[in-house]
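Colleague: Take a look and give me a structure for this.
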Amino acid sequence: MGLDFRPIEDADVDGVVALWERCGLLVPHNDPHRDIQSARRAPDAEVLVADVLGKVVATAMVGYDGHRGWLYYVAVDPGRQRKGMGRQVVAAAEAWMRARGVPKAELMIRATNDKVRGFYDRIGWTEEPVVVMSQTFGDAPPIGLGTVDTVVTALEMLARPTRPSPHPPANTRTALIRAEPPTVSFYRYLYGTVGAEWTWVSRRLMSDDALLAEISDPRVEVYVLYVDGAPAGYGEIDRRPTNGDVELAYFGLLPDFIGRGVGRYLLDTVVDIAWTGPTERLWVHTCDLDHPRALGVYQRAGFQPFDQWVETLPDPRLAGLPLPTRRPAPSDAVSVSGNDTVTPIRR
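Modeller: From the prediction side, this is the model:
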């Protein structure tokens, strides 16, 4: 039976880990979820999977460190072994490496595993006289335990701004269009791309059904800014409260459009839209993991701080993001109750 291999997807992860467990590949000192997330984040690594009737039956984790290619987690479902699938797995891994110009591939096998050593010998791999040495770093928290505390600042606007109507930068073709509603895949693209550097995790961890329920509510408005035909950022307005409170729930630019002068236009325009209807108060919140100038941007747009608290985020690595690195506040940051910690909006 021929297998077709493809990169792992979110829906495959649990099945892949279960397959590795059935194949005896898991050991207490390795976290398979961490390994999968690391491979998916790395530019020169991948977890290859093959499925039959929707069930993952074979895998290989491959990577290239710039000097050698490496092969890990070669697995075939125990009920399908001895049917030539192992050779197909290794062939798929070798093809991945050849396509990237990898000069040589290596793997590690426990010295006592004669069965696996024999398999690789039969398919043309060569045992080399090397000694493997290691160092274990015990200070890295397992995935799922590395929660992140962040200082959240809430800001409010109690009246519509009296400034002139916003205009886009000159010589730029812009369009602000409401997605009614956005598809889940397009929303994930916006949320994931805008928030990747700022540890936006909550909606990355939502199921498609739960996310669809959020963004398809007619009281939730998603406005997408297009610049020269490409998505440049978005603002999300939440009108679900019935007391006149409206939230600017999410706002941000895609990385390629930061610093091009379109952010203030997008923010002012979305604020004006939010003030249509029976709005009595518009609010937003940001935290100390966002762009260093985010808090100042909101204040210059007319928002005033009214509260601050510490929020605990889930481990970002569960959403495929690294643990964050805090950035110093800029010299022109606006303080909140004497505290200069600044930054994004909703996580």
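
Colleague: Poorly predicted segments of the protein, please.
Modeller: Counting by pLDDT under 70, the low-confidence segments of the chain come to 28-29, 137-143, 326-347.

Colleague: same for the helix ranked longest in the chain, what does it pack against?
Modeller: When the chain is parsed with DSSP state H, its longest helix is helix 85-99. Where contact means 3 or more CB pairs under 8 Å, 6 or more residues apart in numbering; DSSP states H and E, helix 85-99 is packed against strand 45-52, strand 55-64, strand 69-76, strand 105-106. From N, CA and C alone the C-beta is placed, and that goes for glycine too.

Colleague: starting at the chain centroid, how far to the shortest one?
Modeller: The one in question is strand 105-106. Relative to its chain's centre, strand 105-106 lies at 29 Å (CA atoms, centre = their mean, to the nearest Å).

Colleague: relative to strand 69-76, how tilted is the helix or strand just after that strand?
Modeller: Using DSSP states H and E, the helix or strand that follows strand 105-106 in sequence is helix 114-122. Here helix 114-122 points in a direction 120 degrees away from that of strand 69-76 (axes from the mean of the first three to the mean of the last three CA atoms, to 10 degrees).

Colleague: list the buried ones in helix 114-122?
Modeller: Applying a neighbour-count criterion of 16 or more other CB atoms under 10 Å, one finds Phe119, Tyr120 buried in helix 114-122.

Colleague: any residues touching that helix, and which ones?
Modeller: Here helix 114-122 makes contact (CB atoms under 8 Å, 6 or more residues apart in numbering) with Gly86, Val90, Leu107, Ile109, Glu127.

Colleague: Reformat the residues you listed as JSON lines; add neighbour count and distance to Arg281.
Modeller: Shown next, in JSON lines, are the contacts of helix 114-122 (neighbours: other CB atoms under 10 Å; distance: CB to CB, whole Å):
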{"residue": "Gly86", "neighbour count": "20", "distance to Arg281": "63"}
{"residue": "Val90", "neighbour count": "20", "distance to Arg281": "62"}
{"residue": "Leu107", "neighbour count": "15", "distance to Arg281": "60"}
{"residue": "Ile109", "neighbour count": "14", "distance to Arg281": "64"}
{"residue": "Glu127", "neighbour count": "9", "distance to Arg281": "71"}
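
Colleague: Which of those residues sits closest to Tyr189?
Modeller: Val90 (34.2 Å; CB to CB).

Colleague: Assumed Thr193 was part of a helix.
Modeller: Yes. Using DSSP: H, G, I helix; E, B strand; the rest coil, the secondary structure at Thr193 is a helix.

Colleague: How many residues are close by the residue lying closest to Asp44 once chain neighbours are set aside?
Modeller: Distance criterion CB to CB, 6 or more residues apart in numbering; nearest residue to Asp44, sequence neighbours excluded, is Tyr64 at 4.3 Å. Around Tyr64 sit 20 other residues, with neighbours defined as other CB atoms under 10 Å.
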